[in-house]
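1. Make a model of this:
(one chain, ligands or ions: 1)
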Amino acid sequence: ASPLPSNTVSRRPAHGSAAVIAEISEGLLADAAHTSPKFLYDSLGSKLFEAICELPEYYPTRTEASIFAAYGADMARAIGEGASLIDLGAGNCAKAAALFPLLKPAQYVPVDISRDFLLGAVAQLRQRFPHIEMTALGLDFSSGFALPDSVRAERRVFFYPGSSIGNFSPEQAVSFLRGLRANAGEDGGLLIGVDLIKDHAVLNAAYDDALGVTGAFNLNMLRHLNDLIGADFDVGQWRHVAFFNAEKSRIEMHLEARCPLTVTWRGGERDFARGERIHTEDSYKYTRQSFVTLLEKAGFAITRMWTDPDHWFAVIHARA
Ligand code: AVJ
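-> Now for the predicted structure:
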């Protein structure tokens with residue numbers, strides 16, 4: 001039991017497993033240093049991401065929410081009641097909870113790498129929706145996962161909102177989606193949100209906001225790495241860099257060394273020159289057509305697409 005009230009950030013360092021340490025070390029030691037964006041989400045990182053979603057510049061969350069608000073009933077008709085709704089990267093579970101009254105799922109299965117944050121959210125949700133069976137899974141699903149037997153086998157519908165699919169390269173996305181399709185079974189499906197290519201200034205501002213919340217979110221990864229691998233990153237020596245790479249159709253986030261420095265961690269060490277970067281996240285942007293093609297490559301059959309009037313964001317229902 002934690003001595004801290006549940007609404008405070010846990011200060012207990014969460015040391016990474018040997019596999020996590022190996023994964024991070026390998027990325028930090030690569031010629032072009034990189035880390036997986038999943039390490040952005042410790043308890044504080046999840047809260048900073050919630051704050052990002054409130055920013056005027058960060059249009060994806062509110063644009064997607066406007067699509068759910070306008071077409072939620074339509075989506076529920078396409079999907080049908082009584083599904084097992086498997087929410088990938090559920091976070092605070094707010095997006096799925098907003099759909100419960102329309103979708104009427106029999107079971108809700110939120111999955112998130114930020115386990116403590118997820119369990120807090122689910123505890124509140126159980127009070128509000130006592131008739132929905134809830135099975136929270138605190139795990140990393142980014143490299144594929146097997147669902148436990150407690151998840152009903154019939155009518156599995158994966159819910160993957162927020163354009164989180166954008167963290168995968170298109171090739172990785174196809175194989176990840178193939179895995180979902182295999183797990184969904186014949187009567188299952190997918191409800192997925194995807195961010196669309198738009199004016200580059202809009203894209204850039206969304207990942208480099210005036211308040212610096214996205215910068216804090218990115219820099220917080222260094223604190224998380226300090227916990228996970230016993231590193232000695234000094235956050236003040238780094239700066240947030242984010243920009244749209246049009247050639248690759250993705251936002252890139254990096255952390256850039258402000259001065260020459262050395263980082264040491266359990267089993268490793270690296271020098272960084274001034275201006276040298278760690279690539280922390282990609283967020284791929286698609287056209288409606290390019291994303292439909294990607295879903296079809298993964299074997300899904302598209303039933304419906306919903307979008308906002310500006311075509312900034314799309315929500316798609318696909319059958320396995
Ligand atoms: C949670 C992956 C959808 O790419 O927009 C927000 C994460 N990174 N601001 C995104 C993020 C910087 C977000 N996803």
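
2. Quick check: buried residues in stretch 253-268?
-> 253-255, 257, 261, 263, 265, 268 (16 or more other C-beta atoms under 10 Å). Glycine gets a C-beta too; all of them are placed from N, C-alpha and C.

3. which residues in the protein form helices?
-> 18-29, 43-52, 59-79, 94-103, 115-128, 170-184, 200-206, 213-229, 288-297 (DSSP state H).

4. Could you identify which of the ones you listed is most buried?
-> Ranked by mean neighbour count, the helices of the chain are led by helix 213-229 with a mean of 21 (mean count of other C-beta atoms under 10 Å).

5. is the ligand contacted by that helix?
-> Yes: Helix 213-229 comes into contact with the ligand (C-beta under 6 Å from any ligand atom), by way of residue 214.

6. I would like the residues contacting that helix, please.
-> For helix 213-229, the external contacting residues (C-beta atoms under 8 Å, 6 or more residues apart in numbering) are 13-16, 20-21, 24-25, 35, 39-40, 42, 44-45, 48-49, 51-52, 55, 58, 207-208, 231-233, 235, 238-240, 242, 253, 255, 265-268, 280-281.

7. what's the answer for stretch 67-79, then?
-> Stretch 67-79 has contacts (C-beta under 8 Å, 6+ apart) with 95, 98-99, 102-104, 157, 189, 191, 193, 303-304, 306-308, 313-315, 317.

8. Would you mind trimming the contacts of helix 213-229 to those in range of the ligand?
-> When contact is defined as C-beta under 6 Å from any ligand atom, the contacts of helix 213-229 meet the ligand at 52, 207, 281.

9. Could you report the neighbour count for the last one?
-> The number of residues packed around residue 281, counting by other C-beta atoms under 10 Å, is 23.

10. and which of the buried residues of stretch 253-268 is nearest to the ligand?
-> Checking these against the ligand with C-beta to the nearest ligand atom, the nearest one is residue 253 at 6.1 Å.

11. Beta-bridge partners for the closest one, please?
-> In this entry, residue 253 is beta-bridged to residue 242, residue 281, by DSSP bridges.
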